[in-house]
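K.L.:
Coordinates only, no sequence provided:
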């Protein structure tokens with residue numbers, strides 16, 4: 001009987017499971033058998049040239065160029081010279097300094113002593129210690145391109161000091177595209193300790209009213225903006241430091257400032273200071289930073305890193321060489337060790353130096369894990385892609401800048417218009433739309449409370465900036481996505497080509513296309529809108545294509561039989577039938593655009609995302625939570641309002 005056979009069939013369906021588990025167990029045993037001898041062969045703790053700890057050493061994975069190179073160099077010294085195991089834990093400067101104090105990170109390869117409140121707090125509590133001088137001769141300050149002030153016909157000839165920037169000819173030279181009446185100063189990314197100091201310097205030098213204090217959002221965005229200006233031969237005013245890839249790759253001119261004094265620096269570095277007198281930053285003290293408990297467990301590492309030191313210009317040259325040859329920090333550090341044995345032999349114990357020399361003498365592939373992919377098979381496309389991007393940025397920059405300026409003006413006009421509307425009228429508008437669509441009291445009340453909460457948190461202006469970006473991005477997405485979805489519904493060939501492209505748009509990490517877009521369009525709102533459009537358009541395309549393709553064929557055939565043209569059929573039959581699906585796509589497009597606001601803040605777009613980013617990078621949990629909560633309640637308001645419109649506009653049973 002069929003009913004009696006079903007249990008036996010189910011039993012046979014699972015007969016493969018014990019065999020699969022046995023094979024998986026055998027595979028794990030084989031892997032362990034291969035790995036254990038390799039682990040046993042590594043040098044054991046003890047002795048001057050051996051690893052002083054028997055667990056992985058946790059480095060902070062610093063997110064700037066010189067920090068990345070120093071981290072890679074230190075890890076190679078410990079792994080290949082002393083037989084240690086190391087791991088790199090990613091994070092921002094402030095979060096890693098806090099992790100170092102807590103013992104979640106053992107050491108940071110590069111710490112700029114005294115520049116961060118998190119570091120200063122760790123020193124005061126005795127949780128961290130500075131060891132050695134990993135970098136000597138470092139500088140930081142306010143820079144411009146060297147060609148701008150030197151040579152025949154230099155546009156800024158005579159500019160030598162920071163206080164000269166207040167002159168109208170220089171504010172016009174460094175004009176801000178979003179506020180043309182002011183100049184633009186590229187500050188440090190939000191949350192970096194130098195950001196706060198530079199803001200204080202602008203006030204102290206009397207430049208706060210003449211220049212926009214522009215925070216790029218991330219180190220990568222700052223580097224991309226400077227690189228694009230250099231390639232396109234455009235004026236740019238920015239904070240920077242050495243050692244760095246930028247200082248090693250381009251000729252920069254540092255503007256003079258009054259010499260530092262303890263009182264001046266204490267005032268500039270204090271967020272609550274008077275900031276009436278400006279001065280240069282004191283000479284940088286850059287060390288290797290240790291968690292004190294870890295240092296007590298491994299004093300030999302402290303002695304080692306008192307000897308590890310390199311001049312800033314050497315590191316800048318290494319970083320520029322890495323950029324030129326498209327090497328990772330690990331590969332560049334390895335190349336440095338191979339080319340400079342006299343340098344590192346002075347750092348290491350004799351047997352560690354001998355072990356490192358023997359390791360470097362072996363073929364690179366000899367150190368790879370047994371299961372590693374063959375190095376000879378690897379083909380990199382980095383060099384041609386980067387070369388093409390650099391050439392395209394240099395040649396097509398003016399055209400894209402013109403488009404960026406137009407988009408920026410549109411954004412500024414809409415933002416200014418929204419600011420003229422009374423806050424209560426905006427709240428009332430959202431509530432009215434929701435009430436019109438849903439005809440129930442709870443959703444409109446929820447929308448009103450959500451928007452009022454944003455104002456109560458003091459984030460109304462930031463919300464308007466976010467809303468401006470979203471409105472423009474959603475409109476552009478609709479203009480592109482609606483006809484694309486119709487085309488995909490009408491053509492199988494188009495659908496086969498478009499659908500994989502939509503998958504790519506939503507799965508490709510945003511920064512892969514944001515950095516080239518930033519170099520072409522500049523920092524700020526234009527590349528942010530591009531990112532929102534790329535991420536938010538696919539749902540609209542998919543829902544439109546689904547709605548058109550799912551339209552009742554009999555109704556469409558009847559329209560054709562009555563003499564309707566394809567355009568008339570589309571306009572009067574298919575689009576109305578697909579209206580519910582299209583409006584659902586609009587709702588998803590709005591939500592996807594809102595999901596990109598934090599990413600957009602990493603390239604200088606202001607708004608709620610910038611507050612979230614600043615809270616994360618400065619460990620100001622309260623600021624990040626407030627802005628995150630505001631994004632959530634704005635999402636609720638927009639979702640309810642768009643659903644109300646969709647519900648009102650959707651055809652109901654009995655409609656003609």
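P.N.:
Okay, I see it. A quick note: this is a predicted structure, and the numbers were derived from the prediction, not measured.
K.L.:
how would you label the closest residue to residue 97 other than its chain neighbours: helix, strand or coil?
P.N.:
What sits nearest to residue 97 in space, not counting adjacent residues and going by C-beta to C-beta, 6 or more residues apart in numbering, is residue 118, at 4.0 Å. C-beta: built from backbone N, CA, C; applies to glycine. Under the three-state scheme (DSSP: H, G, I helix; E, B strand; the rest coil), residue 118 adopts helix.
K.L.:
Would you mark the buried spots in the helix or strand residue 331 falls within?
P.N.:
According to DSSP states H and E, residue 331 maps onto helix 329-339. The neighbour-count check on helix 329-339 (16 or more other C-beta atoms under 10 Å) flags 329, 330, 332, 333, 334, 336, 337 as buried.
K.L.:
Give me the packing partners of it, helices and strands only.
P.N.:
Under the contact criterion of 3 or more C-beta pairs under 8 Å, 6 or more residues apart in numbering; DSSP states H and E, helix 329-339 touches helix 65-76, helix 312-325, helix 350-361.
K.L.:
which is the next helix or strand following the last one?
P.N.:
So the one you mean is helix 350-361. Going down the chain from helix 350-361, the next helix or strand is helix 382-420, by DSSP H and E.
K.L.:
Which members of the buried residues of helix 329-339 are the farthest-apart pair?
P.N.:
329 and 337 (12.6 Å; C-beta to C-beta).
K.L.:
I'd assumed residue 283 was in contact with residue 133.
P.N.:
No - Residue 133 lies out of contact with residue 283 (C-beta atoms under 8 Å); the separation is 11.2 Å.
K.L.:
Next one: residue 642 from residue 626, what distance?
P.N.:
25 Å (C-beta to C-beta, to the nearest Å).
K.L.:
Check what pLDDT the residue nearest to residue 97 gets.
P.N.:
pLDDT for residue 118: 83.
K.L.:
Just give me the neighbour total for it.
P.N.:
Using other C-beta atoms under 10 Å, residue 118 has 19 other residues around it.
K.L.:
Closest one of the buried residues of helix 329-339 to residue 509?
P.N.:
Nearest to residue 509 among the buried residues of helix 329-339 is residue 329, at 19.5 Å by C-beta to C-beta.
K.L.:
Touching, the closest one and residue 64? I think so.
P.N.:
No - using C-beta under 8 Å as the test, residue 329 is too far from residue 64 to be in contact (10.8 Å).
K.L.:
for residue 600, what are its contacts?
P.N.:
469, 528, 531, 532, 607, 609 (C-beta atoms under 8 Å, 6 or more residues apart in numbering).
K.L.:
same thing with residue 328?
P.N.:
Contacts of residue 328 (C-beta under 8 Å, 6+ apart): 72, 322.
K.L.:
now it: how far from residue 76?
P.N.:
Using C-beta to C-beta, residue 328 is found at 12 Å from residue 76.
K.L.:
Can you list the residue ranges for helices in the stretch 101-250 of the chain?
P.N.:
Secondary structure of the stretch 101-250 of the chain (DSSP state H, counting those that start in this stretch): helices at 117-124, 168-173, 193-204, 219-232, 245-249.
K.L.:
Mind giving me the packing neighbours of the third one?
P.N.:
Here helix 193-204 touches strand 139-145, strand 211-214, strand 238-242, helix 262-268, going by 3+ C-beta pairs under 8 Å, 6+ apart.
K.L.:
Not counting its neighbours along the chain, what's nearest residue 137?
P.N.:
Distance criterion C-beta to C-beta, 6+ apart; nearest residue to residue 137, sequence neighbours excluded, is residue 312 at 4.3 Å.
K.L.:
so that neighbour makes contact with residue 139?
P.N.:
Yes - using C-beta under 8 Å, residue 312 is in contact with residue 139, at 7.1 Å.
K.L.:
Between these two, which contacts overlap?
P.N.:
Counting by C-beta under 8 Å, 6+ apart, the shared contacts of residue 312 and residue 139 are residue 242.
K.L.:
neighbour-wise, which of these two wins?
P.N.:
residue 312 (21 against 16).
K.L.:
Tell me how far the more buried one lies from residue 76.
P.N.:
With C-beta to C-beta as the criterion, residue 312 and residue 76 are 20 Å apart.
K.L.:
pLDDT score assigned to residue 627?
P.N.:
We have a pLDDT of 84 for residue 627.
K.L.:
Repeat that for residue 403.
P.N.:
In this model, residue 403 is scored at 81, pLDDT.
K.L.:
and if you look at residue 278?
P.N.:
pLDDT, residue 278: 90.
K.L.:
who are the neighbours in contact with residue 452?
P.N.:
Residue 452 makes contacts with residue 427, as judged by C-beta under 8 Å, 6+ apart.
K.L.:
wait, residue 320
P.N.:
245, 248, 249.
K.L.:
10 Å instead, please
P.N.:
65, 243, 244, 245, 246, 247, 248, 249, 250 (C-beta atoms under 10 Å, 6 or more residues apart in numbering).
K.L.:
go on, residue 189?
P.N.:
63-64, 92-93, 195, 215-222, 602, 604, 613-614, 617.
K.L.:
Same question for residue 147.
P.N.:
By C-beta under 10 Å, 6+ apart, the contact list for residue 147 reads 153, 154, 155, 156, 230, 233, 235, 250, 251, 253.
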